[in-house]
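# With the sequence up front, the predicted model follows.
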Amino acid sequence: MKKVLVLCTGNSCRSQIADGYLQFFAGDKAQVYSAGVETHGVNPKAIATMMEDGIDISKHTSNNVLEYQGIDFDFVITVCDNAKERCPYFPSRAEKFHYNFPDPAKATGTELEIKNEFARVRELIKNYCQTFVKEHL
């Protein structure tokens, strides 16, 4: 079973959404972890947008990447530039991937506009995760 780490700045939105989709698409082919270079808690809007697509991430926790130093990952996916730049080095043979997704937590406007931005980013991450699983797992 492959081990996949999804890394973001605060492990609150993008990495949590990716974690949910990678687990969904990979099934028993991978063990998925998500972490941040900081921990901000799981964003309630990320939970809500995933629930709209039938995936429950409400039990996820926000974890710091240093908690996983002892795990030999096969893949590390950074989902924002900040995490890629700030990720501490730890010995690993992991193949690294990067995609800088927009941060839906920074969306402004009406509640509907913010909800729509979460859904838009969710779909970007969903497509990325589905392709990643097809190509690498």
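Sure thing, it's come through.

# mean confidence for stretch 22-41?
For stretch 22-41, the mean per-residue pLDDT is 95.

# So for it, what gets flagged as buried?
Neighbour-count burial for stretch 22-41 flags 22-26, 30-39 (criterion: 16 or more other CB atoms under 10 Å). No exception for glycine: its C-beta is placed from N, CA and C like everyone else's.

# How far away from the center of its chain is that stretch?
Chain-centre distance of stretch 22-41: 6 Å, with CA atoms, centre = their mean, to the nearest Å.

# And the helices in the protein?
14-26, 44-52, 81-86, 111-136 (DSSP state H).

# Looking at the ones you listed, spot the one closest to R93.
Nearest to R93 among the helices of the chain is helix 111-136; the distance by CB to CB comes to 14.3 Å.

# List the buried residues for the closest one?
114-115, 117-118, 121-122, 124-126, 128-129, 132-133, 136.

# How about V65: what's its closest non-neighbour residue?
A35 (4.2 Å; CB to CB, 6 or more residues apart in numbering).

# who's that neighbour bridged to?
L7 (DSSP bridges).

# Output the lowest mean pLDDT helix or strand found in the protein.
Within the chain, no helix or strand scores below helix 81-86, which has a mean of 68 by mean pLDDT, DSSP states H and E.

# quick one: contacts for the residue most central in space within the chain?
Centrality entry for the chain: nearest residue to the mean C-alpha point is S15, 1.8 Å, by CA atoms, centre = their mean. Counting by CB atoms under 8 Å, 6 or more residues apart in numbering, S15 touches V6, L7, C8, S34, A35, G36, V79, A83.

# Perfect, that will be all.
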